[in-house]
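In: can't give you the sequence, but here's the structure:
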């Protein structure tokens, strides 16, 4: 089966998710702007730059998790009366809601998140950092659409 969301508490849960997404989006944007000053012009980074980049990557992963594991999951459970879908179905429903344009693109963003969270190899970090950087605008767009969707439901 799945989890149940008390329909009377929908607004409370939705507001909590919107607040999480808004603050996470602000933090990601802050890191993105700092990293944009140097990431694309270099291939070697000092410790301070690495710290800034890693913060951006961590925030990228966090907002990805909030979208998929909290926001999209919450919408599915609420709208499908307690049915907790598998991740591929969750992504498909997000597309149907107009939150994402392309399922494969979102899955790729998710794979980047997994690389950040689970891979400790450093030999290709520069490419990974740049790939994450290039996908942040799309992730920000998806986040904004999700916030707007939840706010319309409030």
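Out: In hand now; what should we look at? All figures in this text were calculated on a predicted structure; none of them were measured in a lab. Numbers count the residues shown, from 1 in each chain.
In: per-residue confidence for the most centrally placed residue in the chain?
Out: Residue closest to the average C-alpha location in the chain (C-alpha atoms, centre = their mean): residue 64, at 2.0 Å. pLDDT for residue 64: 97.
In: can you check residue 17 too?
Out: pLDDT, residue 17: 97.
In: Who are the packing partners of the helix or strand that contains it?
Out: Take DSSP states H and E as the rule and residue 17 turns out to sit in helix 10-36. Helix 10-36 sits against helix 47-65, helix 73-79, helix 125-153, with contacts defined as 3 or more C-beta pairs under 8 Å, 6 or more residues apart in numbering; DSSP states H and E. C-beta here means a position set from N, CA and C on the backbone, and glycine is covered the same way.
In: if I pick the nearest residue to residue 28 once chain neighbours are set aside, what's in contact with it?
Out: Sequence neighbours aside, residue 59 is the residue nearest to residue 28 in space, at 4.3 Å (criterion: C-beta to C-beta, 6 or more residues apart in numbering). By C-beta atoms under 8 Å, 6 or more residues apart in numbering, the contact set of residue 59 is 24, 27, 28, 31.
In: Just give me the closest of those residues to residue 109.
Out: Among the contacts of residue 59, residue 28 lies closest to residue 109 (C-beta to C-beta), at 12.6 Å.
In: from memory the closest one sits against residue 61, does it?
Out: No - applying C-beta atoms under 8 Å, one finds residue 28 not in contact with residue 61, separated by 10.0 Å.
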